[in-house]
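>>> structural data only, the sequence is not supplied:
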């Protein structure tokens, strides 16, 4: 942003604390562990990544001897949607390579992977870095959702790396972008290019995590902002005592954000997509469960409540998930013309299976329209834009009418829909995200200095005080398996779904019955940057 | 809330600063000015308020002599929607009457005016007050939108006041509730009841202000929260560069909230209802203006932007306002049955004037449905729930399609709707609102101690340092005029609309052209409670 608010200006001067190991980059040893494998499909992945598969995990350790560090020339890019803290990765990277050698240089690829293919760069100077410390957004260099996938794009990227004589490229992105980073690392190695590729785990959705990666950055800030809003609404709800707030939160498929926000705010009811899928509950049953909640609270004189809905829920409802998959197949084939709703409906519905036709017919017309008309350039249904919160409101309202007629419900139902998403992606990073990102950037620089490629910059022990965090690199191929995408087998980093047998879900499951009947709302309030430690620095429940 | 977050707990210990004049309640003189009149209809108001019309403004001054203050028994209630800081009014009131005499007592009327009619109270103890200092919501005693209007209700209120032997009742509410306070004060005086009635100006909408009242409480916190979110979205917008965010903000009829948020965040386009009405712009013209914005930005390569829409806009669009008024009349007559959309549509549309029928037919079906089916218990259209942001998106999208076909537009348009309202009403009050409310509560106690009735507690010089604020009381009748409500002449406190000839609108009008073409987004970030003064304590642009 060209003009900064007073708070944004104050944040420029915030000094991120560092893990002990990163405080003196002049004395770091990159200690390699045993050879690794992948989470599945090792043979196939080995064949696809002959040069980079099986590399050891790298742990950073202090050493007495001074680390050799020369002048470095590094490129950095953002890939995909915003997550708070991105600029701090660049700051950490910049400060690290300058500490190696003041002549080191950092360039930013403009508007994401596209910038690599087109060799479109800006030089990241001290002055530029200092304007973006602890700031939200990705606007220093921009981002995009393009990928470096085709042979042509890979070659163009190679040309750019050679032309700029880069020692490394740091790709700040989610699971797809890090999969891309692995492909690029392998391609560069195969072409004997010196440029090392390091990924940095970014996504507010929290679905890029595994045995090695505890958390992606941006999740902390986003869930705190959504929780601020949910907590405020809960406080309002408790005073007004007349509304049911159906709040949908961002997060793509996985329900990590909804779960984290539930633990931060204690809504009366939280749907978890993964649980719905595991239980095989259909839409009717979900509506029945929600109506039970409304009825049982009404019996206690409570005609208000908070219901939390993950954005990805809709795909986890078995018959709707099936319907969406069928529609995607049908509509992709059909092509996306300027057909009217009725034309599209007639041709698409005719091609559905009997079960999916039934599921489609049970949906209100506005949702039918969203399923048929709001499609991405590939013809896929835009799941994020389906108004699940309104769908549930409509269906619960109908169910309650039926119950009222039967005499089993006597309350009043005034529902209000909300959707939180874009508010939490580009915000000023929380102190946690600011520090985490700064450390991720420094670690990426150390890995490149050690000539590691095909690794993800990684910090561990995040729930402990920052002094005790461990830093290192995890081979990207280690997190991969083979999945079908658009009908083809592809090597990908596996997305993490909510694990129903582990924390934090288990803690949530233990408490939710109580939250349903009584009101245990918690209102964390806005993110604070100054003041007591227990307010300005906390970690998410997801970290345990 | 039964469980408090770490921040809520920390806020319990925040000490509100006080204006110099309120620091020692033992030495205060209530100095009376000249007799007052009303803003209009003086004769009619004098006839309606024979005992309380024309009272002088009261200013609090320091005096050397000790003020006589005896044991007081006071009742307090919240009326209407939440606004941040309400609990602090109660805290100020409590601390003040206890400083007069430790035997003083405060009772809270449960769930608003209803509690007065039913004599439903809770005793507000030191322990209770200490649990709600600087906390959001109205949950300590609850609120409601009931009124004390009918002869029966007024008598019941009188019975309550006598039964509890109250020296005063403090009504914390908006313009309607303060009108109610005036009626109650007059009724009590006419019945020789000693209980004084003092109003406190509350509403996030900012429409309760005039020559004497600078601001209602809650506006500061609400606009800061909406501005936090708008600023975050603007930051996201600037990084993603692909969405048009159409953001509607709460605020009832007047556009004060939208205007304040525009000044805090600099969106590309802000609609001000009062300006639309003054210019006589119809919906088509507004859509044309918005489409011009999108086209002109697209020509600069910018296919993104932020559009801010006040909740009350829809009523200010001449032909839609007319349509809503006609529908209200028709649908109120018709009664609200369980008629289907088509039945209601046929009967209602048939009764519309030709112009309104045309306006109705030009609306998309989903908006037609909202106009016809979402009605309040009196049959009125629920203006707040009309999705104006989506209406504008739909119409702009259609207009852009036409322009694309003509070749005058080549960009892409990906709009996203947002609505912010409930998030900002019950939040933790900003330092400004916390202090303002605490001072309002203390002032109310001083006025009751001086046996003033039919007054509004009032603080002035709010844009200056709090030390310099002036305190006093303004006669409620002074702010009143006669207006038609449901076909009857009623004495009411006049709602303040945005004044197009004064600040802050003038400042806004000067800058907006620049904000349209360039991106001057400002992101104020979340409300901060600790840290430097310029971050933790600011005043709104509205205070100027």
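Great, that's in hand. The model shown is predicted, which means the values in this text are computed figures rather than measured ones.

>>> I figured residue A:427 was touching residue A:86, is that so?
No - the criterion here is C-beta atoms under 8 Å, and residue A:427 misses it with residue A:86 at 11.4 Å. Bear in mind the C-beta positions are built from the backbone N, C-alpha and C, glycine included.

>>> and residue A:61, what pLDDT?
As predicted, residue A:61 sits at a pLDDT of 97.

>>> how close does it get to chain B?
35 Å (C-beta to the nearest C-beta, to the nearest Å).

>>> elements contacting the helix or strand encompassing that residue?
Assigned by DSSP states H and E, residue A:61 falls within strand A:58-62. For strand A:58-62, the elements it packs on are strand A:28-32, helix A:431-449, strand A:470-475, judged by 3 or more C-beta pairs under 8 Å, 6 or more residues apart in numbering or on different chains; DSSP states H and E.

>>> now render those as TSV, adding mean pLDDT.
Formatted as TSV, the helices and strands packed on strand A:58-62 follow (pLDDT from 0 to 100):
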stretch	mean pLDDT
strand A:28-32	97
helix A:431-449	98
strand A:470-475	98
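
>>> ok, the nearest residue to residue A:309 once chain neighbours are set aside - contacts?
Nearest non-adjacent residue to residue A:309, counting by C-beta to C-beta, 6 or more residues apart in numbering or on different chains: residue A:248, 4.5 Å away. Contacts for residue A:248 (C-beta atoms under 8 Å, 6 or more residues apart in numbering or on different chains) come out as A:309, A:310, A:311, A:387, A:388, A:389, A:417, A:418, A:419, A:420.

>>> cool, and residue A:511?
A:266, A:520.

>>> downstream neighbour of the helix or strand hosting it in the secondary structure list?
Using DSSP H and E, residue A:511 falls within helix A:505-517. Using DSSP H and E, the helix or strand that follows helix A:505-517 in sequence is helix A:533-536.

>>> where strands are concerned, which of the contacts of residue A:248 count?
Here DSSP state E is the test, and these give A:309, A:310, A:417, A:418, A:419, A:420 as lying in strands.

>>> ok, back up a step: of all the helices and strands packed on strand A:58-62, which lies closest to residue A:102?
Closest of the helices and strands packed on strand A:58-62 to residue A:102 is helix A:431-449, at 14.0 Å (criterion: C-beta to C-beta).

>>> so does the closest one get close to chain B?
No - using C-beta under 8 Å from any C-beta of the partner chain, we find that helix A:431-449 stays clear of chain B, coming within 12.4 Å at best.

>>> helices or strands next to the very next helix or strand once past that helix in the packing?
Counting by DSSP H and E, the next helix or strand C-terminal to helix A:431-449 is strand A:455-460. Counting contacts by 3+ C-beta pairs under 8 Å, 6+ apart, strand A:455-460 is packed against strand A:196-201, helix A:431-449, strand A:470-475.

>>> so which bits of the stretch 351-500 of chain A are right by chain B?
So far as C-beta under 8 Å from any C-beta goes, the stretch 351-500 of chain A lies against chain B at A:366, A:416, A:418, A:419, A:422, A:423, A:424, A:425, A:426, A:427, A:428.

>>> need the buried ones from those residues selected in ChimeraX.
Filtering those down to the buried ones (16 or more other C-beta atoms under 10 Å in any protein chain shown) takes a single ChimeraX command:
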select /A:416,418,419,422,423,424,425,426,427,428
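
>>> so which of the residues of the stretch 351-500 of chain A next to chain B are in helices?
Taking DSSP state H as the definition of helices, these contribute residue A:366.

>>> and of the residues of the stretch 351-500 of chain A next to chain B, the nearest to residue B:284?
Taking C-beta to C-beta as the measure, residue B:284 lies nearest residue A:366 of these, at 24.7 Å.

>>> show me the helices in the stretch 201-350 of chain A, by range?
A:219-240, A:256-265, A:273-279, A:283-299, A:313-316, A:318-334, A:341-350 (DSSP state H, counting those that start in this stretch).

>>> with pLDDT and distance to residue A:170 added, can I get the residues of the stretch 351-500 of chain A next to chain B in TSV?
Shown next, in TSV, are these (pLDDT from 0 to 100; distance: C-beta to C-beta, whole Å):
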residue	pLDDT	distance to residue A:170
A:366	84	44
A:416	96	43
A:418	97	36
A:419	97	33
A:422	97	25
A:423	97	27
A:424	98	24
A:425	97	20
A:426	96	20
A:427	98	22
A:428	98	22
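
>>> nearest to residue B:497 among the residues of the stretch 351-500 of chain A next to chain B?
Of those, the one sitting nearest to residue B:497 (C-beta to C-beta) turns out to be residue A:416, at 26.2 Å.

>>> wait, residue A:21 sits on residue A:31?
No - between residue A:21 and residue A:31 there is no contact under C-beta under 8 Å: 11.2 Å.

>>> have a look at these two and say which one is more surrounded.
Each of residue A:21 and residue A:31 has its neighbours counted (other C-beta atoms under 10 Å in any protein chain shown); residue A:21 has more, 24 against 13.

>>> so who does the more buried one touch?
Here residue A:21 is in contact with A:28, A:60, A:61, A:62, A:469, A:470, A:471 (C-beta under 8 Å, 6+ apart).

>>> 6 Å - rerun?
Neighbouring residues of residue A:21 by C-beta atoms under 6 Å, 6 or more residues apart in numbering or on different chains: A:60, A:471.

>>> can I take it that it is in a helix?
Yes - checked against DSSP: H, G, I helix; E, B strand; the rest coil, residue A:21 lies within a helix.

>>> before we move on, the earlier item: I'd like the contacts of residue A:248 as TSV, with distance to residue B:500 appended.
Below are these laid out as TSV (distance: C-beta to C-beta, whole Å):
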residue	distance to residue B:500
A:309	42
A:310	44
A:311	41
A:387	36
A:388	41
A:389	37
A:417	34
A:418	32
A:419	33
A:420	34
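
>>> tell me the two of the residues you listed that are most distant?
So, the contacts of residue A:248 by C-beta to C-beta: farthest apart are A:310 and A:417, at 14.6 Å.

>>> the more surrounded of these two?
Ranked by neighbour count (other C-beta under 10 Å), residue A:310 and residue A:417 place residue A:310 first, with 30 against 19.

>>> how near is that one to residue B:84?
Computed as C-beta to C-beta, to the nearest Å, the residue A:310 to residue B:84 distance reads 29 Å.

>>> go on, residue A:455?
Going from residue A:455 to residue B:84 by C-beta to C-beta gives 48 Å.

>>> which of the two has more residues huddled nearby?
Each of residue A:455 and residue B:84 has its neighbours counted (other C-beta under 10 Å); residue B:84 has more, 35 against 29.

>>> now do the contacts for the more buried one.
B:136, B:218, B:221, B:427, B:429, B:433.

>>> can you check residue A:427 too?
Neighbours of residue A:427 in contact, by C-beta under 6 Å, 6+ apart: A:84, A:136, A:221, A:225, B:232.
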